[in-house]
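Peer 1: below: sequence and its predicted model.
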Amino acid sequence: MDAELVMAMVRGEGELGRLLTGSIDLDNIDTVFRMASLLGLLPDRKTPLDLADSVAIEPCGIVYSEAALPLVDTWRQLRRQVYEVLVFDNWCLSGQAMLTQCLVAALERKLLGEEHWFLTDEGLLDRLFEHDEIKESIRRFSAGDYFDVLFVGWYAGPRKGPDLRHPSARRQISRALTERTGLPCCPYVFYDHGAFSKKLVLNVATASGTSTVTIGATSESTVVAITTPHRIRNERRSLVGHVLEVLEDNGLARSSLLRIPEKEDIYELPRQGKLPF
C-alpha cells in the first residue's frame with residue numbers, strides 16, 4: 001500500500017480522507033458503536049451501517065440524507081452514555097492517576113526519551129518497572145491493584161486558571177491534600193472539551209438542495225479524581241471536605257459541581273424498578 005496515500009487519508013485529503021475526518025466520520029461511528037457493544041449497552045447493530053450508508057461525498061464535503069438525522073441523534077446519545085461509563089469508572093480513573101504519576105516521574109528523571117516512543121503498552125510497563133522510584137506503582141497497576149479512590153468531582157464550565165494537569169500543579173495539589181488528609185494523594189485531572197457532547201455542523205441533502213444543520217453543543221467541564229495508595233476504610237466521608245477545600249483553592253468551586261451519572265441509571269431497563277437491598 002502507498003504510504004503517502006494512507007497519510008493523505010489521515011490528513012483528510014481526497015474523497016476517502018473526507019470520510020475519516022468529519023464531525024461524524026466512519027471512524028468515530030465505528031468507535032462509538034463498538035465501545036457501546038463491548039460495554040454491554042446493547043445498541044442496534046444495524047444503526048451504524050444505516051448511518052454509514054446515509055453518507056455521500058459531494059464537492060462541498062460530506063453530505064447526509066434527511067433520514068440520517070434520527071440516526072445521528074442515536075449516535076450522539078450513545079456516545080454520551082459511553083463516555084459517562086468510561087470517564088467516571090473508578091478503576092479507569094485510578095489507573096489513569098497511577099500511570100500519569102509514573103510517566104511524569106519517568107520523564108522528569110529522563111528515564112524515558114524519544115527513543116522509547118515506539119514501545120508497546122507492555123514494553124512501556126516493562127521499561128518503567130526497571131526503576132525503583134516507580135516500580136511499586138507499576139507492579140500494582142499491572143496486577144490490577146489500583147489505588148483507592150478518595151474523591152471524584154465533575155465541575156461544570158470551561159477550565160479557568162492554570163492547567164491542573166501540569167506536573168507542578170499536580171505536585172502542589174498533592175502536597176496540599178497530604179497536609180489536609182494525612183494521606184499520600186495522587187490526583188488525576190481530565191479536561192472535557194467535546195468528550196460528552198460536541199457541536200455538529202452537518203450538510204444535509206433535502207428536496208430543495210443541500211442545507212446546513214447544527215446539532216448539539218460542545219461540552220466543557222473538568223473531571224477530578226483524587227486517589228491514594230493507602231487502603232481507605234470508613235474515613236472517606238470525613239476526608240472529602242478537606243479535598244473539596246483544596247480543589248476550591250485551585251479554582252474548582254463547589255458551586256459548579258455536577259451530579260455524576262450512576263451506572264445503574266445508564267444500564268437500567270425501561271420501566272424497571274430499583275430493588276432495595
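Peer 2: On my side now, so go ahead.
Peer 1: which stretch of helix or strand covers Glu264?
Peer 2: helix 263-267 (DSSP states H and E).
Peer 1: that helix packs against which elements?
Peer 2: Applying 3 or more C-beta pairs under 8 Å, 6 or more residues apart in numbering; DSSP states H and E, one finds that helix 263-267 makes contact with helix 69-87. From N, CA and C alone the C-beta is placed, and that goes for glycine too.
Peer 1: ok, now which ones touch Leu125?
Peer 2: 138, 141-142 (C-beta atoms under 8 Å, 6 or more residues apart in numbering).
Peer 1: for Leu112, same thing?
Peer 2: Neighbouring residues of Leu112 by C-beta under 8 Å, 6+ apart: 103, 106, 127.
Peer 1: go again with 7 Å.
Peer 2: Counting by C-beta atoms under 7 Å, 6 or more residues apart in numbering, Leu112 makes contact with Ala106.
Peer 1: what's the pLDDT at it?
Peer 2: Leu112 is assigned 91 on the pLDDT scale.
Peer 1: go on, Gly12?
Peer 2: 85.
Peer 1: which non-adjacent residue is nearest it?
Peer 2: Excluding its sequence neighbours, the residue lying closest to Gly12 (C-beta to C-beta, 6 or more residues apart in numbering) is Thr21, at 3.3 Å.
Peer 1: same deal with Arg11?
Peer 2: Of all residues not flanking Arg11 in the chain, Gly17 sits nearest, at 6.4 Å (C-beta to C-beta, 6+ apart).
Peer 1: how close does the one you found sit to Leu5?
Peer 2: Counting by C-beta to C-beta, to the nearest Å, the gap from Gly17 to Leu5 is 9 Å.
Peer 1: comparing these two, which residue is more hemmed in?
Peer 2: The neighbour count for Gly17 versus Leu5, taken as other C-beta atoms under 10 Å, is higher for Gly17 (19 against 13).
Peer 1: following the helix or strand where that one lies, which helix or strand shows up next?
Peer 2: Assigned by DSSP H and E, Gly17 falls within helix 14-18. From helix 14-18 onward toward the C-terminus, using DSSP H and E, the following helix or strand is helix 26-38.
Peer 1: list the buried residues for that next one?
Peer 2: Within helix 26-38, the residues that qualify as buried are 26, 29, 32-33, 35-36, counting by 16 or more other C-beta atoms under 10 Å.
Peer 1: angle of it against helix 69-87?
Peer 2: 60 degrees (axes from the mean of the first three to the mean of the last three C-alpha atoms, to 10 degrees).
Peer 1: what does helix 26-38 contact?
Peer 2: Under C-beta under 7 Å, 6+ apart, the answer for helix 26-38 is 19-20, 43, 48, 51-52, 75, 78-79, 82.
Peer 1: having no further points to raise, I will conclude here.
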